[in-house]
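> Sequence first, then the predicted structure, then my questions.
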Amino acid sequence: MLDTEQIKKLVGIKAVDLVMPGMTIGIGSGSTVSHFITALAAKVREGLICKAVPTSLQTFNLAKDQGISMMELNEVPAIDLAIDGADETNHHLQLIKGGGGALLQEKMVAAAAKKFVVIADNNKMKDKLGQFPLPLEVVPYGWKQVAFRVEQNYNVQSILRMKEGKPFISDHGHYILDCHFPVIDDAAGLNSSLHLIPGVVETGLFIDMCDEVIIGYPDGTVHYFK
Ligand code: 5RP
């Protein structure tokens, strides 16, 4: 039986099969994607020509160090394929992302992609989203008002993400509020209404964006949800 890290590696390697020569690839963030980066870099060393657009500084450094040619989103007309992880997915291919705090750039890269594929271990597949706290990227100015509005509107706890005793700062200089919705019945409606709160930059709900989810299981099998 595979442990979670081995499953992440399995789906990371599987995703490389989707990369064709000459493609521009959006590369997501997180531990699952780090396995994809390693497998993609091996193909590049074998002669695969491709370029990649990262979704975080962490991914940029990891991919560049392994010899993958990196571009900025503004430097490419479009992305052929984006590969990313997720914190949760359901069978409608709706996602919660942002556990690593890279949700804004991840969403922009996914939106620019002709095909967006998520790779994850079986623990991430849920009947309903919401067990994982929903990340909200907010401007630091007046963030307490945003947290208060979320708590008032939805009767949920909204907690400022901290790192080493200070507010966590995203790659784009924003704060993250982790919102503890017990269960999310209407993910699309929630995404729309959260965007109406002044100060919200982006939500970790990815709706109608994902084309395919590749889930790995402890027995070594892989399922493709489309
Ligand atoms: C980062 C993300 C990641 O894709 C998500 O947190 C999954 O990470 P991991 O593969 O480490 O479980 O959304 O913002």
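Done, it's in.
> just how off-centre is stretch 140-156 within its chain?
23 Å (C-alpha atoms, centre = their mean, to the nearest Å).
> Stretch 211-225 now?
On C-alpha atoms, centre = their mean, the centre of stretch 211-225 falls 17 Å from that of its chain.
> same thing with stretch 176-191?
16 Å.
> can you list the residues that contact it?
Residues from elsewhere that reach stretch 176-191 (C-beta atoms under 8 Å, 6 or more residues apart in numbering): 90, 94, 98, 101, 128-131, 133-138, 143, 146-147, 150, 154, 156-161, 168, 170, 203, 205, 207-208. (C-beta placed from N, C-alpha, C; glycine too.)
> which of the residues you listed come close to the ligand?
By C-beta under 6 Å from any ligand atom, the members of these lying near the ligand are G98, G101.
> low-scoring pLDDT stretches of this protein, where are they?
For the chain, no stretch is flagged by pLDDT under 70.
> residue ranges of the helices in it, please?
For the chain, the helices defined by DSSP state H occupy 4-16, 31-45, 57-65, 103-111, 143-154, 187-194.
> Buried residues, the last one. List them.
Translated: helix 187-194. A187, L190, N191, L194 (16 or more other C-beta atoms under 10 Å).
> And the fifth one, by the same measure?
Residues of helix 143-154 classed as buried under the neighbour-count rule (16+ other C-beta under 10 Å) are W143, V146, A147, R149, V150, Y154.
> and the longest strand seen in the chain, which strands flank it?
As assigned by DSSP state E, the longest strand anywhere in the chain is strand 113-121. Sheet pairing of strand 113-121 (DSSP bridges) gives strand 79-84 (parallel), strand 212-216 (parallel).
> Using PDB, list the CA coordinates for it.
Written as PDB, here are the backbone C-alpha positions of strand 113-121 (Å, rounded to 0.1, in the frame of the first residue of the first chain):
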ATOM      1  CA  ALA A 113      -5.000  27.700 -19.500                       C
ATOM      2  CA  LYS A 114      -6.700  25.900 -22.400                       C
ATOM      3  CA  LYS A 115      -6.800  22.800 -20.100                       C
ATOM      4  CA  PHE A 116      -6.600  22.800 -16.300                       C
ATOM      5  CA  VAL A 117      -5.800  19.500 -14.600                       C
ATOM      6  CA  VAL A 118      -5.600  18.900 -10.800                       C
ATOM      7  CA  ILE A 119      -3.500  16.100  -9.300                       C
ATOM      8  CA  ALA A 120      -4.300  14.900  -5.800                       C
ATOM      9  CA  ASP A 121      -4.300  12.000  -3.400                       C
END
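> Need the residues that contact that strand.
4, 7-8, 11-12, 14-15, 18, 26, 32-33, 36, 78-86, 89, 93, 95, 110, 209-216.
> so T203 bridges to which residues?
L136.
> wait, what's in contact with it?
L103, L134, P135, L136, E137, L190, N191, L194, H195.
> What about the residue nearest to the third one when sequence neighbours are not counted, how many residues nearby?
So that's P135. Spatial nearest neighbour of P135, excluding adjacent residues (C-beta to C-beta, 6 or more residues apart in numbering): G98 at 3.2 Å. By other C-beta atoms under 10 Å, 29 other residues sit near G98.
> Quick check: G98 touching E88?
No: look at G98 against E88 with C-beta atoms under 8 Å: they stay out of range, at 10.6 Å.
> re earlier: which parts of the longest strand of the chain are buried?
Neighbour count says strand 113-121 has A113, K115, F116, V117, V118, I119, A120, D121 buried, by 16+ other C-beta under 10 Å.
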